[in-house]
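**Q** coords please:
(chains A and B)
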Amino acid sequence: MQAITKRLKQFKREKHGISTVIVVMLSLVLITIIVGNVVLWSYQMNQVDLDRMHETVTITGVSEYESGTRMDLENTGSLSLHVVAVWVSNSTTHQRYDADLFLNSGESITYNRADIEFPKDDFVAKIVTDRGNMAVFSVD
Amino acid sequence: MKKNFKRFLRDKRAITPVLSHLLLTVVAVAIMALATSATFVITTNMRETMGERVIVEDVWFNTATGTIDVYMRNVGKADIQVSNVYVEHESQSFNGLSSLQVNKQGWLRIAYSWTSGESYYIDIVTKRGTHIASYYKAP
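**A** So this is what the prediction gives:
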């Protein structure tokens, strides 16, 4: 017991190597912050990419509707999606129209737009989601 | 009280250890501040590089202007800056958008004399090194 107490006292008095231990601990804290930050961000971005891969939307048909247009859309993916733009393109013009349409997973919807007029000749209709996916429908 | 204070002022013993400890503390704090700033800068740069996502919504081989117009949208988590545009692996001049904030979009006009029916490999490079590249066929 005496020997242990003596050793303990000696250990308490010993000052060698303390600064090294402190430096190592501080460095470990910094390294943990860097690695943690990068891993978390990487995980978040992977999730964004995965969601984008799982998103699938199709245009099943387009037609004229009164003075505007009608588009039949179907969300065949497992995630709900947000359509942010409609493109109508032909050989002479590429026109983008802002859109704000939400589709649940598995939902089919008819999207009417009075402000969009399809060209009389061949054209391509395209929708773009906020995750960056697209669906294209070609009319000949 | 006054006497004691005067004696304290005259007493020069142990000044050197106090000064050395003080200096050591200042140096240690400065080094830690530097290390923390460096950590912040490194992680911010890494996050911005990993967070770049850009999509090409539309490519228009414009017959009226004779340019290739690319409509881009930033779907990532960091602002981007277009640094170079390559068509068929050759650097081309461009105008329109040079920087794109998160969730913003715009036209990038590439000055290139294209031929109808030909396919072109268009590569858009951001300042952080992200490539948005694909083949597009002129109508």
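**Q** Provide the strand pairings for the helix or strand in which A:Q95 is found, with the direction of each partner.
**A** Assessed by DSSP states H and E, A:Q95 sits inside strand A:94-103. Here strand A:94-103 has these sheet partners by DSSP bridges: strand A:81-89 (antiparallel).
**Q** dump the strand it pairs with to PDB, restricted to CA.
**A** Extracted in PDB, the C-alpha atoms of strand A:81-89 (Å, rounded to 0.1, in the frame of the first residue of the first chain):
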ATOM      1  CA  LEU A  81     -41.500  15.400 -56.700                       C
ATOM      2  CA  HIS A  82     -41.700  19.100 -57.600                       C
ATOM      3  CA  VAL A  83     -41.900  20.200 -61.200                       C
ATOM      4  CA  VAL A  84     -40.200  23.600 -61.600                       C
ATOM      5  CA  ALA A  85     -40.100  24.200 -65.300                       C
ATOM      6  CA  VAL A  86     -41.800  23.300 -68.600                       C
ATOM      7  CA  TRP A  87     -39.800  23.600 -71.800                       C
ATOM      8  CA  VAL A  88     -41.300  23.800 -75.300                       C
ATOM      9  CA  SER A  89     -38.700  23.600 -78.100                       C
END
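**Q** what comes into contact with that strand?
**A** Applying Cβ atoms under 8 Å, 6 or more residues apart in numbering or on different chains, the external contacts of strand A:81-89 come out as A:55, A:57, A:71, A:73, A:75, A:94-103, A:111, A:113, A:116, A:118-119, A:123-131, A:133, B:57-58, B:60. Where C-beta positions appear, they are placed from N, C-alpha and C, glycine not excepted.
**Q** swap the cut-off to 6 Å and go again
**A** Contact with strand A:81-89 is made by A:55, A:57, A:75, A:95-97, A:99, A:101-103, A:123-130, B:58, as judged by Cβ atoms under 6 Å, 6 or more residues apart in numbering or on different chains.
**Q** also stretch B:41-48?
**A** Stretch B:41-48 is touched from outside by A:I34, A:N37, A:V38, A:W41, B:A78, with contacts defined as Cβ under 6 Å, 6+ apart.
**Q** before we move on, what about stretch A:41-60?
**A** A:71-79, A:81, A:131, A:133, A:135, A:137, B:47, B:50.
**Q** what do you get for stretch A:21-40?
**A** Stretch A:21-40 has contacts (Cβ under 6 Å, 6+ apart) with B:A35, B:T39, B:T43, B:M46.
**Q** got the buried residues for that stretch?
**A** For stretch A:21-40, burial by neighbour count (16 or more other Cβ atoms under 10 Å in any protein chain shown) applies to A:I34, A:N37.
**Q** just the CA trace of that stretch, in PDB.
**A** C-alpha atoms of stretch A:21-40 as PDB (Å, rounded to 0.1, in the frame of the first residue of the first chain):
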ATOM      1  CA  VAL A  21      -0.300  15.100 -24.200                       C
ATOM      2  CA  ILE A  22      -2.200  18.400 -24.500                       C
ATOM      3  CA  VAL A  23      -0.900  19.000 -28.000                       C
ATOM      4  CA  VAL A  24      -2.000  15.500 -29.100                       C
ATOM      5  CA  MET A  25      -5.400  15.900 -27.500                       C
ATOM      6  CA  LEU A  26      -6.000  19.300 -29.200                       C
ATOM      7  CA  SER A  27      -4.800  17.900 -32.600                       C
ATOM      8  CA  LEU A  28      -7.200  15.000 -32.200                       C
ATOM      9  CA  VAL A  29     -10.100  17.400 -31.500                       C
ATOM     10  CA  LEU A  30      -9.200  19.300 -34.700                       C
ATOM     11  CA  ILE A  31      -8.900  16.200 -36.800                       C
ATOM     12  CA  THR A  32     -12.200  14.900 -35.400                       C
ATOM     13  CA  ILE A  33     -13.900  18.100 -36.400                       C
ATOM     14  CA  ILE A  34     -12.500  18.000 -40.000                       C
ATOM     15  CA  VAL A  35     -13.300  14.400 -40.500                       C
ATOM     16  CA  GLY A  36     -16.700  14.600 -38.900                       C
ATOM     17  CA  ASN A  37     -17.600  17.600 -41.000                       C
ATOM     18  CA  VAL A  38     -16.500  16.000 -44.300                       C
ATOM     19  CA  VAL A  39     -18.200  12.700 -43.500                       C
ATOM     20  CA  LEU A  40     -21.500  14.300 -42.500                       C
END
